[in-house]
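> With the sequence up front, the predicted model follows.
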Amino acid sequence: KASPRVRKAFPILIKKLHEFIVEADVTVEEWLAACALLVEAGKVTNDQRDEMVLVSDVLGVESLVDILEFKRTSEAAKKEQRVKSNEASHSAILGPFYRHGVQVQPNGTTIVRQFEKDADYTRLFGQVFDHEGKPIKGATVDIWHDAPDGLYDAQDPSKPQNHCRGRFATDENGRYETICLRPTPYPIPFDHSAGKLLQLMGRHPYRPAHIHFWIEAPGHKTLVSQVFDRESDYLKDDAVFAVKDSLIIDFVPIDEGQSSKAGYTVPAELKDV
Ligand code: DHB
Ligand code: FE
C-alpha cells in the first residue's frame, strides 16, 4: 500500500507533468528524446560524477529543494524553540564533486597539494556554532574547491589526490583553519546530458567562484553549503542557481608584498615544490 507521503505527492507530480505535456504540446519525438537524455544521464562518467544531479541542477531543481529544506528545518527549529536566533548559516547545493571519507588533517595545514604558481593562496578559517551560539568542538569540516584551471581533483587524474580538498576537525572553540586557493569561476561539466540541455536552452555553463563545505557533528543537522567570491563573475547568473546573498564573502589580502599574485602567503611546504 502506498505511503501517505506518496499518496500526497504523486497525484501532484502526475497532474503537473500532464499539464506540462498538454500546455507545451510535447511531441512523441520530443518525449523520446527526453527519455534518451535521462538514460544517458544515468550512465557513469569518467570522473564518477552524478550526471542526473547535474541535469536537475541546470533546471534549478537541486537549488529549489535546498531552499525548501532550509526553510522547513529552520521553521521547525524555531517552533521547537531550539533556536535563539534565526541566524543559522544558509545551506547551498552539494554539487557533484563531494568525496566521502577524506582523512582529517591538522588545522592550519594546507589543502593545496601541488604548487600553483598563478593562484591566490588564501587563509580560510571559521567557527562552527550550534543553534544556541555555543561553539561545537570536534565538528568535521569538509572543504573543496576547483583548482586554478577550473577543474576539481576528480576531473583531472594528473592532479594529486585531494588537491584543493580536505577535512578538518574543529578545536575546543569550534574553530577550523586551512590554507586553500582563491577559487575561480568554472563551467559545470557540459560534455554530457546537462551540457546538452544548456545548449538546447542557449545558456552558458559557468558558476561563480565558490568553495564548498560539508559540516557535520554528532547530534546536529549536517550543513552543506558554499561561499561565493564577491568579486567573481556569474554571481547573478549561476548556471545552477545556487547563490544566496548571505553566502557571498570578501577575500581580503593579508600579506601585501609577499610571494603570490595578490599578496597571499604561499605555505612554506609548497614553495619549493
Ligand atoms: C554543480 C555544482 C558545483 O559546485 C560544481 O562545481 C559543478 C556543478 C552543479 O550543481 O551542477
Ligand atoms: Fe563546485
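Received, thanks. Ligands and ions are numbered 1, 2, ... in the order given.
> in the stretch 1-150 of the chain, what residue is nearest ligand 1?
When distances are taken as CB to the nearest ligand atom, the stretch 1-150 of the chain reaches nearest to ligand 1 at residue 95, 2.8 Å away. C-betas here are computed from N, CA, C, even on glycine.
> I'd guessed that residue sits against residue 56; true?
No. With contacts defined as CB atoms under 8 Å, residue 95 does not count as touching residue 56, sitting 11.2 Å away.
> quick one: which of those two has more around it?
The residue with more neighbours, out of residue 95 and residue 56 and counting by other CB atoms under 10 Å, is residue 95; that gives 22 against 19.
> Doesn't the more buried one lie inside a helix?
No. The secondary structure assignment for residue 95 gives coil rather than a helix, going by DSSP: H, G, I helix; E, B strand; the rest coil.
> This structure: strands as residue ranges?
According to DSSP state E, the chain carries its strands in the segments 121-127, 140-145, 165-169, 175-181, 186-187, 206-207, 210-216, 223-229, 248-249.
> Contact partners for residue 116?
Residue 116 makes contacts with 147-148, 181, as judged by CB atoms under 8 Å, 6 or more residues apart in numbering.
> Out of those residues, which are close to ligand 1?
Taking CB under 6 Å from any ligand atom, there is no overlap between the contacts of residue 116 and the neighbourhood of ligand 1.
> Around ligand 1, pick out the residues from the chain.
Counting by CB under 6 Å from any ligand atom, the residues of the chain lying close to ligand 1 are 54, 57, 62, 93, 95-97, 188, 207, 240.
> Recalculate using a threshold of 8 Å.
Remark: the part of the chain in contact with ligand 1 comprises 53-54, 57-58, 62-63, 93-97, 146, 152, 186, 188-189, 194, 207, 210, 212, 226, 239-240, 242, using CB under 8 Å from any ligand atom.
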